[in-house]
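**Q** just a sequence and a predicted model for now, questions to come.
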Number of protein chains: 2
Amino acid sequence: MAGRPINHQRRQELLDAAVGFAAEHGFAEVSWRTVAAAVGVSPTTLVHHFGTKEQMLEAILGRLRERMFAATRDPSGERPGLAAEARAAWARAADPRREPEFRLFFAVYGSALQAPQQFADFLDHAVTYWMVALIEAQKDEADPATAVRRATLVIATIRGLLLDLLTTGDRARVQETAEAFFDTLEETLERPPIH
Amino acid sequence: MAGRPINHQRRQELLDAAVGFAAEHGFAEVSWRTVAAAVGVSPTTLVHHFGTKEQMLEAILGRLRERMFAATRDPSGERPGLAAEARAAWARAADPRREPEFRLFFAVYGSALQAPQQFADFLDHAVTYWMVALIEAQKDEADPATAVRRATLVIATIRGLLLDLLTTGDRARVQETAEAFFDTLEETLERPPIH
DNA sequence: TAATTCCTTGTACGGTCGTACTAGAAATCG
DNA sequence: CGATTTCTAGTACGACCGTACAAGGAATTA
């Protein structure tokens, strides 16, 4: 009765390859034929696994979002303090090997047409995650309002510095700025203001 | 001898219309035919004024960059203090009416293929401008190194917050964070650290 | 007025795009 | 083995793309 089983792993392989191609050549270059040629399969094979091109783009975006979220989250699950965690997140994101990925991420980020809801959700998740981290960091004086503001500021700063890092040729300038920011963040959290 | 004079104003009109279309529909939708249909002229007319499509895209990017730089700079030329200036820059950039423009700006920002040098230069100009403003703000204790870091941080923060503003549905959260950031920036500049 | 140059338009060509259709090879179950 | 479903590949079709070419109307100078 039942025929050949569906090979889910095969789809993941093709998806990873498609993400790699998109990160390297940009979204504008993504087509059935170009991706197929780069991967080494027939265009029809990609159509068979993804359905339509829009579905393939959504799949690429979804996987890209997963990687971005994994990059900004501490994989160990430990909470050595907010400043340290922010520092680690920066170090992970500022990895030059991730540059093509982040380029593609930001390119899609600004686009109003490419699945904006997905990225809005992604951003909200990031804010929530950091807000929780911030509240846990300063356990006693947990003011939700300032925690949200600080989480928003940390995320925005890291993101803005990453944009700078992708654009400028002076990586050292951005790197030093990031370290200085984390230093002041550490001081602020260790010595909370009186008022 | 001489024939009909070149109408430079006509090109600017078409360019403005093209920028408006690109900001509204995104770069992916820009083609001779689509822009021509939106503007109300023949595709051949656009070809005549811009030459090739790549040149038209460059013209659009150049004009977009001009608007972005004008938006982040104080048109009055006065220097009421860095924090006030940063506040004004934020107010100008966070204008909801500019949202399509900024969307397009960030969409191109991350792209590695679309004239990256232009945007690298743009960023360097912005850093230089803010650095000068910072040094002038704290005239006596002018440390170039920290001035550059602070300029980088201010730019990155504003840019990151703008990205957040374009993505999230909670504008108030971002707005409050921005105001809090400018407050602390003001305090930091008025009361420089001892060390 | 005649010549010259710019502005605008229509048409046509080669190329790439997404997608549908057909068909053979591979793998699983009765 | 035979039936059934998945995987892969080839082909073809209509649509849009950027660009080149030809031609008529508009504006300026000699």
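**A** Arrived safely, thanks for sending.

**Q** can you name the residue of chain A nearest DNA strand D?
**A** With CB to the nearest atom of the strand as the measure, A:Gly3 is the residue of chain A nearest to DNA strand D, at 1.9 Å. Just so you know, the C-beta spots here come from the backbone N, C-alpha and C atoms, and that holds for glycine as well.

**Q** that residue in helix, strand or coil?
**A** coil (DSSP: H, G, I helix; E, B strand; the rest coil).

**Q** which helix or which strand is home to the residue nearest to the spatial centre of chain A?
**A** With distances taken as CA atoms, centre = their mean, chain A has A:Met68 as the residue nearest its mean C-alpha position (2.0 Å). In the assignment (DSSP states H and E), A:Met68 maps to helix A:53-72.

**Q** how about the residues of chain A by DNA strand C?
**A** Selection of chain A residues close to DNA strand C by CB under 7 Å from any atom of the strand yields A:1-5, A:30-34, A:43-44, A:47, A:52-54.

**Q** out of these, which are buried?
**A** Applying a neighbour-count criterion of 16 or more other CB atoms under 10 Å in any protein chain shown, the buried members of the residues of chain A next to DNA strand C are A:Val30, A:Trp32.

**Q** phi, psi of the residue of chain A closest to DNA strand D?
**A** A:Gly3 adopts backbone torsions of phi -100, psi -150, taken as degrees, to the nearest 10.

**Q** how about it, what does it touch?
**A** Contact criterion CB atoms under 8 Å, 6 or more residues apart in numbering or on different chains gives no residues in contact with A:Gly3.

**Q** how about the helices of chain A, start to end?
**A** Secondary structure of chain A (DSSP state H): helices at A:8-25, A:32-39, A:43-50, A:53-72, A:82-93, A:99-110, A:116-137, A:144-167, A:171-190.

**Q** got a markdown table for these, with mean pLDDT too?
**A** Shown next, in a markdown table, are the helices of chain A (pLDDT from 0 to 100):
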| stretch | mean pLDDT |
| --- | --- |
| helix A:8-25 | 94 |
| helix A:32-39 | 98 |
| helix A:43-50 | 98 |
| helix A:53-72 | 83 |
| helix A:82-93 | 82 |
| helix A:99-110 | 75 |
| helix A:116-137 | 69 |
| helix A:144-167 | 87 |
| helix A:171-190 | 89 |
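
**Q** JSON lines for those helices, including distance to B:Pro96?
**A** Converted to JSON lines, these look like this (distance: least, CB to CB, whole Å):
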{"stretch": "helix A:8-25", "distance to B:Pro96": "31"}
{"stretch": "helix A:32-39", "distance to B:Pro96": "37"}
{"stretch": "helix A:43-50", "distance to B:Pro96": "36"}
{"stretch": "helix A:53-72", "distance to B:Pro96": "26"}
{"stretch": "helix A:82-93", "distance to B:Pro96": "29"}
{"stretch": "helix A:99-110", "distance to B:Pro96": "16"}
{"stretch": "helix A:116-137", "distance to B:Pro96": "16"}
{"stretch": "helix A:144-167", "distance to B:Pro96": "18"}
{"stretch": "helix A:171-190", "distance to B:Pro96": "28"}
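
**Q** per-domain residue ranges of chain A.
**A** The record's domain parsing of chain A by automatic domain parsing lists A:1-51, A:60-190.

**Q** as CSV, those domains with distance to B:Ala83 would be great.
**A** Output for the domains of chain A, formatted as CSV (distance: least, CB to CB, whole Å):
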stretch, distance to B:Ala83
domain A:1-51, 38
domain A:60-190, 15
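
**Q** which of those sits most buried?
**A** By mean neighbour count, with neighbours taken as mean count of other CB atoms under 10 Å in any protein chain shown, domain A:60-190 ranks first of the domains of chain A at a mean of 18.

**Q** nearest to B:Asp95, out of the helices of chain A?
**A** Nearest to B:Asp95 among those is helix A:99-110; the distance by CB to CB comes to 16.6 Å.

**Q** now for the closest one, which elements pack on it?
**A** If you count contacts as 3 or more CB pairs under 8 Å, 6 or more residues apart in numbering or on different chains; DSSP states H and E, helix A:99-110 packs onto helix A:8-25, helix A:53-72, helix A:144-167, helix B:99-110, helix B:144-167.

**Q** ok, so of the residues of chain A next to DNA strand C, who is nearest B:Ala107?
**A** Using CB to CB, those come closest to B:Ala107 at A:Val30, 15.3 Å.

**Q** quick check: the nearest residue to that closest one once chain neighbours are set aside vs DNA strand C, distance?
**A** If the residues on either side of it in the chain are set aside, A:Val30 comes closest to A:Ala22, at 5.3 Å by CB to CB, 6 or more residues apart in numbering or on different chains. According to CB to the nearest atom of the strand, to the nearest Å, A:Ala22 stands 12 Å off from DNA strand C.

**Q** am I right that A:Ala22 is in contact with A:Ile60?
**A** Yes - using CB atoms under 8 Å, A:Ala22 makes contact with A:Ile60 at a distance of 5.5 Å.

**Q** report the set of residues contacting both of those two.
**A** Shared contacts of A:Ala22 and A:Ile60, counting by CB under 8 Å, 6+ apart, come down to A:Val30.

**Q** let me see the contact set for the residue in chain A that DNA strand C sits nearest to.
**A** Residue nearest to DNA strand C within chain A: A:Ser31 (3.1 Å; CB to the nearest atom of the strand). When contacts are counted by CB under 8 Å, 6+ apart, A:Ser31 touches A:Lys53.

**Q** backbone dihedrals for it, please?
**A** When read as degrees, to the nearest 10, the backbone of A:Ser31 gives phi -150, psi 170.

**Q** what does the pLDDT read for A:Gly81?
**A** pLDDT, A:Gly81: 67.

**Q** over to A:Pro5?
**A** A:Pro5 is assigned 94 on the pLDDT scale.

**Q** so who does it touch?
**A** Residues counted as contacts of A:Pro5 (CB under 8 Å, 6+ apart): none.

**Q** what's the answer for A:Glu101, then?
**A** Counting by CB under 8 Å, 6+ apart, A:Glu101 makes contact with A:Ala23, A:Leu64, A:Arg67, A:Met68.

**Q** fine by me, thanks again.
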